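K.L.:
What follows is a predicted structure for the sequence shown.
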Amino acid sequence: MVTVKELSDNLSLEILTTCDEIDRPVTGGYCSDLLSWVMGRASEGDAWITVMGNINSIAVAVLADISCIILADSSALDEEAKNRAEQQNVIILRSELDQFTLCNKIGELLGV
Amino acid sequence: MPEKITLKYAVDGDDFTKAGLASSDLKHTLKQIGYDPGFIRRVAIAVYEGEINMVIHAGGGEITADIAPDKVEVWLADSGPGIPNVELAMREGYSTAPIDVHELGFGAGMGLPNIKKYTDDLQIDTTVGVGTTVYMLINNN
Ligand SMILES: Nc1ncnc2c1ncn2[C@@H]1O[C@H](COP(=O)(O)OP(=O)(O)O)[C@@H](O)[C@H]1O
Ligand SMILES: [Mg+2]
């Protein structure tokens, strides 16, 4: 079982929000920048890999029970998104890697 | 819990920063009552998609949710443009969302299909030029 913290440590991710979900288990992953695809296809507990760091992403993460958002390609996180994420206890991480490379590494760590 | 609780939310027309607040609040309430997480997730996703549609396509509206031990029923009513062809609107990938909302991640044309997927009943009552009411039923079983 891999936690958000272990994922973050292993992939040297930048932690962008302060909240207490860091020990939450990551049970899988889903990658998309289209919110309705995430709503329809992601599973509870997935790490969500995206470049969408806006406030709507936070709602999607909360409603779809995502374990963490990982912003790929050093993509930006809006200030209001950051605030909403902290209010709602959504952990957001960031990587310099592109989505393909990042997903590969996450897949390896999760053993999927 | 009592037999039935009714919640009402006004959904703001063009404020994307507030889109999702009603579904988030509903989710929170269901969690406090102690429903099964899988059931809550289905309600949350379906209502979110309906809420977003009211914001993007209809200039806002009103959500009414009836919460009972064995089911949640939700009506999302707006006075927007209506849907000329519901069968077409139900297709995966069909969207009339304007380009600027694509940049926010919306407009994939998967909202209504998602609602269908996660609910036990979906009914769309719509009249062009008058508005749309989306009814959804999610059974807790
Ligand atoms: N409340 C509504 N009022 C008017 N049109 C709507 C409404 N909800 C959905 N539609 C129409 O149905 C289409 C498909 O909706 P949906 O599957 O949610 O995709 P999307 O919202 O990504 O466009 C929309 O693009 C729009 O044309
Ligand atoms: Mg939609």
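P.N.:
Received, thanks. Ligands and ions are numbered 1, 2, ... in the order given.

K.L.:
Please work out how many residues are found near B:Arg42.
P.N.:
Using other CB atoms under 10 Å in any protein chain shown, B:Arg42 has 20 other residues around it. C-beta: built from backbone N, CA, C; applies to glycine.

K.L.:
At which residues are the strands of the chain located?
P.N.:
By default, I'm working from chain A. Using DSSP state E, the strands of chain A run over A:2-3, A:14-15, A:25-26, A:28-31, A:46-50, A:68-71, A:92-94.

K.L.:
please go with chain B instead
P.N.:
For chain B, the strands defined by DSSP E cover B:5-11, B:61-68, B:71-78, B:121-127, B:131-139.

K.L.:
What helices and strands are in contact with the first one?
P.N.:
In terms of contact count using 3 or more CB pairs under 8 Å, 6 or more residues apart in numbering or on different chains; DSSP states H and E, strand B:5-11 is assigned the packing partners helix B:21-33, helix B:37-58, strand B:61-68.

K.L.:
Counting by contacts, list what the longest one packs against.
P.N.:
Right, the one you point to is helix B:37-58. Using 3+ CB pairs under 8 Å, 6+ apart: helix B:37-58 touches helix A:35-41, helix A:55-63, strand B:5-11, helix B:21-33, strand B:61-68, strand B:71-78, helix B:111-118, strand B:131-139.

K.L.:
which of these is buried the deepest?
P.N.:
Of all the helices and strands packed on helix B:37-58, helix A:55-63 has the most neighbours on average by mean count of other CB atoms under 10 Å in any protein chain shown, namely a mean of 25.

K.L.:
Please list the residues outside that one that contact it.
P.N.:
Contact partners of helix A:55-63, identified using CB atoms under 8 Å, 6 or more residues apart in numbering or on different chains, comprise A:35, A:38-39, A:48, A:50, A:66, A:68-69, A:78, A:80-81, A:84-85, A:88, A:90, B:16-17, B:19-21, B:23-24, B:27, B:41, B:44-45, B:48, B:104-106.

K.L.:
In chain B, where is pLDDT below threshold?
P.N.:
B:1-2 (pLDDT under 70).

K.L.:
what does it put close to ligand 1?
P.N.:
B:49, B:53-54, B:56-58, B:78, B:80-81, B:83, B:89, B:94-97, B:106-112, B:132 (CB under 6 Å from any ligand atom).

K.L.:
Distance check, whichever residue of chain B sits closest to ligand 1 against A:Val51.
P.N.:
With CB to the nearest ligand atom as the measure, B:Gly111 is the residue of chain B nearest to ligand 1, at 2.2 Å. Distance, B:Gly111 to A:Val51, using CB to CB, to the nearest Å: 21 Å.

K.L.:
Return the residues in contact with the residue nearest to A:Ile49 when sequence neighbours are not counted.
P.N.:
With CB to CB, 6 or more residues apart in numbering or on different chains as the measure, A:Cys31 is the residue that lies nearest to A:Ile49, at 4.2 Å, once sequence neighbours are left out. Residues in contact with A:Cys31 (CB under 8 Å, 6+ apart) are A:48-50, A:99, A:103.

K.L.:
Could you tell me the per-residue confidence at A:Cys31?
P.N.:
Note on A:Cys31: pLDDT of 98.

K.L.:
That one and chain B: what is the separation?
P.N.:
Between A:Cys31 and chain B the distance is 13 Å, computed by CB to the nearest CB, to the nearest Å.

K.L.:
Look up how far B:Thr17 lies from that residue.
P.N.:
The spacing between A:Cys31 and B:Thr17, counted by CB to CB, is 25 Å.

K.L.:
Could you find the residue in chain A that comes nearest to ligand 2?
P.N.:
At 6.1 Å from ligand 2, A:Ser36 is the closest residue in chain A, using CB to the ion.

K.L.:
Identify the residues contacting the most centrally placed residue in chain B.
P.N.:
The centroid of chain B falls nearest to B:Gly50 when counting by CA atoms, centre = their mean (2.2 Å). Contact analysis of B:Gly50 by CB under 8 Å, 6+ apart lists B:63, B:74, B:76, B:111, B:115, B:134, B:136.
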